[in-house]
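Asks: this is a predicted model, with the sequence first.
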Amino acid sequence: MPDVTISHLSKKFAATTVLHGIDLTIRDGEFFTLLGPSGCGKSTTLSCVAGLERPTTGSIAVGDRTMVDTASRTFVPPEGRNLGMVFQSYALWPHMTVAQNLALPLRIRKVDRRRQTALIGEALEKVGLADMRDRYPHQLSGGQQQRVALARALVYSPTVLLLDEPLSNLDAQLREQARAWLKRLQEDLGITTVYVTHDQEEALALSDRIAVMSEGHLVQVGSPTEIYQEPATAGVAAFVGRCNFLTGKVAAASDGRTEVVLDCNGRRVRTRAAKAGVEAGQRVTVAVRPERIKVLTADRQPPPDANVLTGTVLSSSYVGARFEYDVRLGDHAVQVATGRPGLTGEITLAVDPEVCLLYPTTDVVTPDIEALTTVSG
Ligand SMILES: Nc1ncnc2c1ncn2[C@@H]1O[C@H](COP(=O)(O)OP(=O)(O)OP(=O)(O)O)[C@@H](O)[C@H]1O
């Protein structure tokens, strides 16, 4: 299976630029996800790969085949690209059976009848629907319709699979099952896959690598663990998973550690070094995931290097696998996720400097203590 190489891809709609020079290589056999909030340009990028949109500038190649290059005025139409596509609306023809729906792309490609029957059988086998070929779409569940759409994208052996929010019409439980199934299928087929979603959990669960997009730019490209544990910006930390943000001022910065005086309670905390480097006196944002904050009890001593902070529990909720607490820290609140039930009143928190990420920005909104106090009564 080939790589997909996107170079200097820009797209304007009238006077508005929605993609600003995207450079990206999606590797052979990779499950690659474009992740970002609504309107950031994920679908437009995918549509440019599919040939449904023409870039304003830039080029896209699949393997060594150039699909579009604005410099040399090359443009291969969608039907000439041999890419499989599945969209949010499965777009199955309601008046055609499953087999007839799958036959359509084969007829367009002038595959002979006998070969069509064999290919349709194989594709339905792959998605586990071999016995449903004569059903109409309305006789199938949402999950089955989604599989038919996938089978239709696979039936002509595309070189790359392009999936635009294909699971978003399924209910939560079905969606999780479909996610696991899709991941296994993609691995079995080894097909290079470009997946578009705004659902960060889905992206983390499915992908080999993720590109986080914001306002037509790529902000970070990395494995799910890199994106979650080493977010490149406070914006990525906020978008992927939950995160606490505390603002403050750098007191001292030395190799590997930075000391920050927090605005919320005037306490000094040690953090990791900022990626971009910071100077004493600079305003910064400290970001910590809720599950990285440890709750100390009498029998549990803080690790030697940890930041130790006291706070007051404002509210708690039980979410099945863990308890979540809103904890007042000075005039701010932080979220703490832990297995410990029944925490109330004043508690002591330990935070390893290694899990305190530091960003030279103060642009992330911190939780409003008034709102939390009101909610908790
Ligand atoms: N045909 C079009 N004409 C004008 N503007 C468009 C067109 N298609 C997309 N846009 C604009 O381009 C921007 C990016 O849209 P795009 O659909 O790529 O975003 P997205 O990240 O996929 O969002 P969503 O998750 O909501 O689908 C948006 O501001 C959108 O309004």
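Replies: That came through fine.
Asks: all contacts plus neighbour counts: C-alpha atoms, from now on.
Replies: Fine.
Asks: keeping just the C-alphas, turn stretch 40-52 into CSV.
Replies: Extracted in CSV, the C-alpha atoms of stretch 40-52 (Å, rounded to 0.1, in the frame of the first residue of the first chain):
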residue,chain,number,x,y,z
CYS,A,40,-10.7,23.4,11.3
GLY,A,41,-10.4,22.0,7.8
LYS,A,42,-10.3,18.2,8.3
SER,A,43,-13.0,17.4,5.7
THR,A,44,-11.6,19.9,3.2
THR,A,45,-8.2,18.2,3.5
LEU,A,46,-9.8,14.8,3.0
SER,A,47,-11.8,16.1,0.1
CYS,A,48,-8.7,17.4,-1.6
VAL,A,49,-7.1,13.9,-1.3
ALA,A,50,-10.3,12.3,-2.7
GLY,A,51,-10.4,14.8,-5.6
LEU,A,52,-13.8,16.2,-4.5
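Asks: any part of it near the ligand?
Replies: Yes: using CA under 6 Å from any ligand atom, stretch 40-52 reaches the ligand at 40-44.
Asks: and stretch 87-105, by the same measure?
Replies: No: contact of stretch 87-105 with the ligand is not found when judged by CA under 6 Å from any ligand atom; the minimum separation is 9.7 Å.
Asks: so what's the residue count around L19?
Replies: 26 (other CA atoms under 10 Å).
Asks: so which of the residues of stretch 40-52 next to the ligand comes closest to T344?
Replies: Minimum distance to T344 across the residues of stretch 40-52 next to the ligand is 41.1 Å, recorded for C40 (CA to CA).
Asks: list the contacts for that closest one?
Replies: Taking CA atoms under 8 Å, 6 or more residues apart in numbering as the criterion, C40 is in contact with 18, 213-217.
Asks: around the ligand, which positions in the stretch 101-250 of the chain sit nearby?
Replies: Contact residues (CA under 6 Å from any ligand atom) of the stretch 101-250 of the chain with the ligand: H198.
Asks: make a PyMOL selection of the buried ones in the contacts of C40.
Replies: Filtering the contacts of C40 down to the buried ones (16 or more other CA atoms under 10 Å) takes a single PyMOL command:
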select buried, resi 18+213+214+215+216+217
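Asks: how about the contacts of C40, which pair is most distant?
Replies: V18 and M213 (11.1 Å).
Asks: so what sits against both of these two?
Replies: Common neighbours of V18 and M213 (CA under 8 Å, 6+ apart) are 40-41.
Asks: before we move on, back to that, most neighbours of all the residues of stretch 40-52 next to the ligand, which one?
Replies: Going by other CA under 10 Å, K42 tops those with 29 neighbours.
Asks: can you pull the contacts of that one?
Replies: Contacts of K42 by CA under 8 Å, 6+ apart are 34-36, 196-197, 213.
Asks: pick the one among the residues you listed closest to V278.
Replies: M213 (25.0 Å).
Asks: break the chain into its domains for me.
Replies: 4-235, 242-375 (automatic domain parsing).
Asks: pick out the shakiest of those, pLDDT-wise.
Replies: If you rank the domains of the chain by mean pLDDT, domain 242-375 sits at the bottom with a mean of 85.
Asks: distance from that one to the middle of the chain?
Replies: 24 Å (CA atoms, centre = their mean, to the nearest Å).
Asks: same question, stretch 143-162
Replies: Counting by CA atoms, centre = their mean, stretch 143-162 comes out at 21 Å from the chain centroid.
Asks: what are the buried residues along it?
Replies: 143-156, 158-162.
Asks: can you give me the end-to-end span of that stretch?
Replies: Stretch 143-162 has an end-to-end distance of 18 Å (CA to CA, to the nearest Å).
Asks: one more: stretch 13-31?
Replies: End-to-end distance of stretch 13-31 (CA to CA): 29 Å.
Asks: stretch 332-344 too?
Replies: Note: stretch 332-344 ends 17 Å apart using CA to CA.
Asks: in it, what counts as buried?
Replies: Taking 16+ other CA under 10 Å as the criterion, stretch 332-344 shows 332-338, 343 as buried.
Asks: identify the residues contacting whichever helix in the chain runs longest?
Replies: Among the segments of the chain that qualify as a helix by DSSP state H, the longest is helix 172-189. For helix 172-189, contacts defined as CA under 8 Å, 6+ apart pick out 31, 126-127, 143, 167-168, 193, 202, 205-206.
Asks: out of those residues, list just those in helices.
Replies: Among the contacts of helix 172-189, DSSP H puts 126, 143, 202, 205-206 in helices.
Asks: any of those residues buried? List them.
Replies: Of those, these count as buried by 16+ other CA under 10 Å: 126, 143, 202, 206.
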